[in-house]
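Student: test case, fold it:
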Amino acid sequence: MDAKTIGQRLIKLRGDKTQEEVANAVNISVSALSMYERGERIPRDNIKIRIASYYKRPIHKIFYP
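Tutor: Numbers count the residues shown, from 1 in each chain. Predicted coordinates:
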């Protein structure tokens, strides 16, 4: 699981939405989302679930190669 690859996937999924909009919907801070997208951190499992649910994608398609 490569943090940079996950970050690129998250940016692509976010599309035209703002980081603030996605962070609020997933109930995380904008700075946390930003770190995930830059590949500086990988979200904890409970946050992975919320992100996958928000984007209506299976968890493994976003977070696992």
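
Student: every contact and neighbour count from this point should use C-alpha atoms.
Tutor: Will do.

Student: which residues are contacting stretch 8-26?
Tutor: Residues external to stretch 8-26 that are found in contact with it (Cα atoms under 8 Å, 6 or more residues apart in numbering): 29-30, 33-34, 36-39, 47, 50-51, 54-55, 62.

Student: again, only using 6 Å
Tutor: Ser29, Val30, Glu37, Arg50 (Cα atoms under 6 Å, 6 or more residues apart in numbering).

Student: which of the residues you listed fall in helices?
Tutor: Using DSSP state H, the subset of the contacts of stretch 8-26 located in helices is Val30, Glu37, Arg50.

Student: so which of the contacts of stretch 8-26 wins on neighbours?
Tutor: Neighbour counts for these, by other Cα atoms under 10 Å, peak at Glu37, which reaches 23 neighbours.

Student: got TSV for the ones in helices among the contacts of stretch 8-26, with pLDDT too?
Tutor: Converted to TSV, these look like this (pLDDT from 0 to 100):
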residue	pLDDT
Val30	98
Glu37	98
Arg50	98
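
Student: tabulate the residues you listed (CSV), appending distance to Thr5.
Tutor: Listed next are the ones in helices among the contacts of stretch 8-26 as CSV, based on distance: Cα to Cα, whole Å:
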residue, distance to Thr5
Val30, 19
Glu37, 9
Arg50, 19
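
Student: helices of this structure, residue ranges please.
Tutor: Counting by DSSP H, the segments of the chain that form helices are 3-14, 19-26, 30-38, 45-55, 59-63.

Student: buried sites along the third one?
Tutor: With burial defined by 16 or more other Cα atoms under 10 Å, the residues of helix 30-38 counted as buried are Val30, Ala32, Leu33, Ser34, Met35, Tyr36, Glu37, Arg38.
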